[in-house]
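Trainee: I would like to see how this sequence folds:
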Amino acid sequence: MAIVAPARRLRGTLRVPGDKSISHRYAIFAAIAEGASTIADYAPGADCRSSLNCLRALGVGVREERPGVVTVVGRGFDALRSAESPLDAGNSGTTMRLLAGLLAGRGFSSTIVGDASLSRRPMRRVIEPLEAMGARIDASEGRPPLTIRGSRLHAITHRPQIPSAQVKSAVLLAGLQADGTTKVVEPAATRDHTERALAAFGGIASVSGLEIAVAGGQRLAGQALTVPGDFSSAAFWLVGAAALPGSQIEILDVGLNPTRTALLAVLRRFGARVDVVTTGMNAGEPRGTVTVAHQQSGSIEIGPGEVPGLIDELPAIAALAAHGGEVTVRGAAELRVKESDRIATLVAGFRSLGLDAEERPNGFTVRGTSTGSRRPADGAADARGDHRMAMAFAIAALAADRPCRIEGADSVAISYPDFFATLDRLRAS
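Mentor: Numbering: from 1, shown residues only. Down below sits the predicted model:
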């Protein structure tokens, strides 16, 4: 549990932890490359540690040289070996789905397990294309644990009905081991870290509009890479700065991949001042400085077409309503199958904090007013073990008259262990 006191404003300059999505992918590509790779600013959270632990169990040499710096010694796909016990993905859906693609083409069986939350998450969308390629995957009602019986794979063209960067990435990882050229044709663009990471390790992913193709049999080479700051972690500070009068937050060295930064346009629509300076590029990933300052508050509506580019930032965007205005999200049924049912968790949590919140099958509306955005002294929101819910409730609670409780706040360790310490520093600035 965490107690979050009200704040008049947030001000300061900071760096956020390394990008979680990129860290997973760099570790996995390094494991199947030939030679040693050094990954600096590797994400510190439990999810990315789960990926490293699973790779170790598969026989990959992984060393943590010092905090945030990881060396992975890869020897190609063929050096992977059967683990002596089930691979534990913890809370990480990314770990489970990407490992499923990695292991689909290996000549041994593997079982991937997860915690209680991950064990409830549906996996049929990754199981079906991998089985179409030739793997056999056992799962109870399409949920973890997954037992993957690797096999020789053949290329397919996969057309997912729901956009998912994780499913796309799993299919592409399997495609690197398949006979022929594997294609994924997305219904809408998703984050492209896998395509960029593959190129960084010397591979080729051909991109034509919404079609991504990889040829089997590619050989990758170890690299020295630096992970940019996680934009989805930065989102909570950017929202706080946009929402609280007198606030200004500057975030340095944060990832600016255009498939991840749709939040910036949303904050401009809300009325915030947003400045972006690109300062560099590493392994195809742009990075730079983002500054957000409060100017005025408004209302926001997010439609289905925007959801794929904002899926991780929607909880943070919802917190804007706690500071006045209204936030409506439609076409986001995908939130139901995240670390928690994020629609139900979000609405229940905001209601417990005194906000008017309405739940719909594929979205929600949260309304804040001069009185509705104030919570009672004993207001409490339950994050239900979901790291992004805990951080969203904390940003909302800054608008209260008196302190609020966030139950399950320790879940921030999944992606941002220092979140509450950083919040205290920005409040005190």
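
Trainee: contact partners for the nearest residue to R149 once chain neighbours are set aside?
Mentor: Computed as Cβ to Cβ, 6 or more residues apart in numbering, the closest residue to R149 that is not its neighbour in sequence is R136, at 4.1 Å. All C-beta spots, glycine's among them, are computed from the backbone N, C-alpha and C. Contacts for R136 (Cβ atoms under 8 Å, 6 or more residues apart in numbering) come out as I148, R149, S151.

Trainee: let me see the backbone angles for the last one.
Mentor: The one in question is S151. S151 adopts backbone torsions of phi -160, psi 170, taken as degrees, to the nearest 10.

Trainee: please report how far the residue nearest to R149 lies from R152.
Mentor: R136 sits 12 Å away from R152, taking Cβ to Cβ, to the nearest Å as the criterion.

Trainee: against P86, how distant is the residue nearest to R149?
Mentor: As for R136, its distance to P86 is 17 Å (criterion: Cβ to Cβ).

Trainee: got it, and L55?
Mentor: When distance is defined by Cβ to Cβ, L55 is 14 Å away from P86.

Trainee: more neighbours: those two, which one.
Mentor: Just comparing L55 and P86: by other Cβ atoms under 10 Å the higher neighbour count belongs to L55, 24 against 16.

Trainee: that one contacts A27, doesn't it?
Mentor: Yes - with contact defined as Cβ atoms under 8 Å, L55 reaches A27; the gap is 6.3 Å.

Trainee: rewinding a little: can you pick the most crowded of the contacts of R136?
Mentor: When neighbours are counted by other Cβ under 10 Å, I148 leads the contacts of R136 with 27 neighbours.

Trainee: contacting residues for that one?
Mentor: I148 is in contact with A100, L103, A104, S109, S110, T111, I112, L130, A135, R136, I137, counting by Cβ under 8 Å, 6+ apart.

Trainee: list just the nearest of these to P228.
Mentor: Nearest to P228 among those, counting by Cβ to Cβ, is A100 at 26.2 Å.

Trainee: thought that closest one was touching D138?
Mentor: No - in this structure, A100 is not within contact of D138 by Cβ under 8 Å, at 11.8 Å.

Trainee: what do these two both touch?
Mentor: L146.

Trainee: higher neighbour count, the two?
Mentor: The residue with more neighbours, out of A100 and D138, is A100; 28 against 12, by other Cβ under 10 Å.

Trainee: how close does the more buried one sit to R125?
Mentor: A100 is 11 Å from R125, by Cβ to Cβ.

Trainee: could you do E358 as well?
Mentor: Distance of E358 to R125, computed by Cβ to Cβ: 28 Å.

Trainee: before we move on, what about V62?
Mentor: Distance of V62 to R125, given as Cβ to Cβ: 29 Å.

Trainee: swap in I156?
Mentor: From I156 to R125 the distance is 14 Å (Cβ to Cβ).

Trainee: equivalent analysis for I317, please.
Mentor: Using Cβ to Cβ, one obtains 25 Å as the distance from I317 to R125.

Trainee: same question for A36.
Mentor: Relative to R125, and taking Cβ to Cβ, A36 is found at 34 Å.

Trainee: list the contacts of A135.
Mentor: Counted by Cβ under 8 Å, 6+ apart, A135 has contacts A104, G105, I148, R149, G150, S151, L153, A174.

Trainee: can you give me the end-to-end distance of stretch 150-167?
Mentor: Start to finish, the residues bounding stretch 150-167 are 17 Å apart (Cα to Cα, to the nearest Å).

Trainee: mean confidence score for that stretch?
Mentor: What stretch 150-167 shows for mean pLDDT is 97.

Trainee: next one: stretch 36-46
Mentor: When pLDDT is averaged along stretch 36-46, the result is 98.

Trainee: same check on stretch 255-270?
Mentor: In this model, stretch 255-270 carries a mean pLDDT of 97.

Trainee: I'd like the distance from that stretch to the chain centre, please.
Mentor: 15 Å (Cα atoms, centre = their mean, to the nearest Å).

Trainee: CA atoms only: put it into PDB for me.
Mentor: The C-alpha trace of stretch 255-270 is given here as PDB (Å, rounded to 0.1, in the frame of the first residue of the first chain):
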ATOM      1  CA  GLY A 255      12.500   7.000 -26.400                       C
ATOM      2  CA  LEU A 256      10.700   8.900 -29.200                       C
ATOM      3  CA  ASN A 257       9.800   6.000 -31.500                       C
ATOM      4  CA  PRO A 258       6.800   7.300 -33.500                       C
ATOM      5  CA  THR A 259       4.800   4.200 -32.800                       C
ATOM      6  CA  ARG A 260       4.900   5.000 -29.100                       C
ATOM      7  CA  THR A 261       4.400   8.800 -28.800                       C
ATOM      8  CA  ALA A 262       0.800   9.400 -29.700                       C
ATOM      9  CA  LEU A 263       0.200  10.600 -26.100                       C
ATOM     10  CA  LEU A 264       1.900  13.900 -27.000                       C
ATOM     11  CA  ALA A 265      -0.800  14.800 -29.400                       C
ATOM     12  CA  VAL A 266      -3.400  13.900 -26.800                       C
ATOM     13  CA  LEU A 267      -1.800  16.200 -24.200                       C
ATOM     14  CA  ARG A 268      -1.800  19.000 -26.700                       C
ATOM     15  CA  ARG A 269      -5.500  18.500 -27.300                       C
ATOM     16  CA  PHE A 270      -6.000  18.600 -23.600                       C
END
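
Trainee: just confirm N362 contacts T328, I think it does.
Mentor: No - applying Cβ under 8 Å, one finds N362 not in contact with T328, separated by 11.6 Å.
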